[in-house]
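Student: Sequence first, predicted model second:
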Amino acid sequence: MTDVQQDGRVALVTGGSRGIGAAVSRLLAARGMRVAVNYRSSQDEAEAVVASIESAGGRALAVRADVRDESAVRAMVEQVRDALGEVEVLVHNALIPYAITSFEDLSWDELGGKLEQEMRAAFLVTKAVVPGMTAAGYGRIVFLGTVLSRIPRERMITLGTSKAALSQFARYVAQELGPRGITVNVVSPGPVDDTSHAHLFSQEHKQRQAALTALGRIASPDDVARAVAFYAGDDSGFITGTTAPVNGGMAMD
């Protein structure tokens with residue numbers, strides 16, 4: 001039933017060429033959506049994701065844009081509209097670079113820069129798709145957060161702080177856009193393997209993180225993609241302004 005309901009919807013996945021974004025792109029396509037796979041520099045990987053979707057019978061398009069650049073974001077959304085149709089589902093997954101450092105060694109440029117760029121990207125991509133969603137009376141917006149917004153971890157202050165701001169932004173946008181038929185939610189993973197930053201942490205570190213979860217392992221991109229796909233589909237139509245903690249029980253409400 002869910003696949004039938006989602007058939008033909010147009011999804012834009014920022015940072016869709018690798019890791020969580022690639023897993024989300026493939027899953028949404030498998031559930032019947034036409035998927036725009038955004039990338040900034042990894043064209044070959046984005047095109048490989050598109051090829052894998054098309055080989056499975058789906059429809060996809062690779063679209064280049066730096067999501068911190070307003071003109072590039074506008075051009076990207078226009079390109080998607082022309083090729084696939086109006087964006088009805090936005091999954092904002094693009095990872096904005098950040099410093100991994102202690103507070104003692106942290107500069108304001110590192111913290112303030114991450115905050116500014118994180119929020120700027122979320123603001124720009126949301127602004128670009130909301131008019132089309134409003135006209136249609138339908139929309140799904142999913143932001144990727146992190147468990148670090150709730151559970152501090154050594155040297156991750158820039159990421160945790162900026163994603164906490166993103167989560168609150170999502171609630172305000174959800175409140176305002178709800179009457180238009182647009183839902184806004186956050187998927188907040190714990191540690192995830194096979195992502196662009198996974199190589200920065202040793203196997204011993206990953207094992208320690210896994211030991212902190214009730215399920216005894218860290219997430220895979222597919223684990224996160226399934227939560228995103230729920231929020232991106234019609235089954236979540238009466239859920240907005242929430243955060244899904246995809247962390248294996250590392251943090252429990």
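Tutor: Sure thing, it's come through.
Student: Would you indicate which residues of the lengthiest helix in the chain are buried?
Tutor: In the chain, assigned by DSSP state H, the helix with the most residues is helix 108-136. Of the residues in helix 108-136, those buried by neighbour count under the rule 16 or more other C-beta atoms under 10 Å are 110-111, 113-115, 117-118, 121-126, 128-130, 132-133. Using the backbone N, CA and C atoms, a C-beta is placed for each residue, glycine as well.
Student: And for the residue lying closest to Gly190 once chain neighbours are set aside, the neighbour number?
Tutor: Once flanking residues are discounted, Gly190 sits nearest to Asn247: 3.1 Å by C-beta to C-beta, 6 or more residues apart in numbering. A count of nearby residues for Asn247, using other C-beta atoms under 10 Å, gives 26.
Student: related to what we said a few turns ago, show me the contact partners of the following helix or strand past the longest helix of the chain.
Tutor: Moving toward the C-terminus from helix 108-136, the next helix or strand (DSSP states H and E) is strand 139-144. The contact list for strand 139-144 (C-beta atoms under 8 Å, 6 or more residues apart in numbering) reads 20, 88-93, 122, 126, 129-130, 133, 166-167, 169-170, 173, 177, 180-189, 224, 228, 231-233, 236.
Student: quick one: low-confidence parts of the stretch 151-253 of the chain?
Tutor: 195-202, 205 (pLDDT under 70).
Student: Could you rerun that using 90?
Tutor: 193-216, 249-253 (pLDDT under 90).
Student: can you map out the helices along it?
Tutor: For the stretch 151-253 of the chain, helices defined by DSSP state H, counting those that start in this stretch occupy the ranges 157-177, 203-211, 221-232.
Student: Please identify the deepest-packed of the ones you listed.
Tutor: Sort the helices of the stretch 151-253 of the chain by mean neighbour count, taking mean count of other C-beta atoms under 10 Å, and helix 221-232 sits at the top with a mean of 22.
Student: From the contact counts, what lies against that one?
Tutor: With contacts defined as 3 or more C-beta pairs under 8 Å, 6 or more residues apart in numbering; DSSP states H and E, the packing partners of helix 221-232 are helix 19-30, strand 89-92, strand 139-144, strand 182-189, strand 243-246.
Student: possible to save these as JSON lines with mean neighbour count and distance to Glu45?
Tutor: Formatted as JSON lines, those follow (neighbours: other C-beta atoms under 10 Å; distance: least, C-beta to C-beta, whole Å):
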{"stretch": "helix 19-30", "mean neighbour count": "26", "distance to Glu45": "7"}
{"stretch": "strand 89-92", "mean neighbour count": "27", "distance to Glu45": "17"}
{"stretch": "strand 139-144", "mean neighbour count": "26", "distance to Glu45": "18"}
{"stretch": "strand 182-189", "mean neighbour count": "25", "distance to Glu45": "20"}
{"stretch": "strand 243-246", "mean neighbour count": "20", "distance to Glu45": "23"}
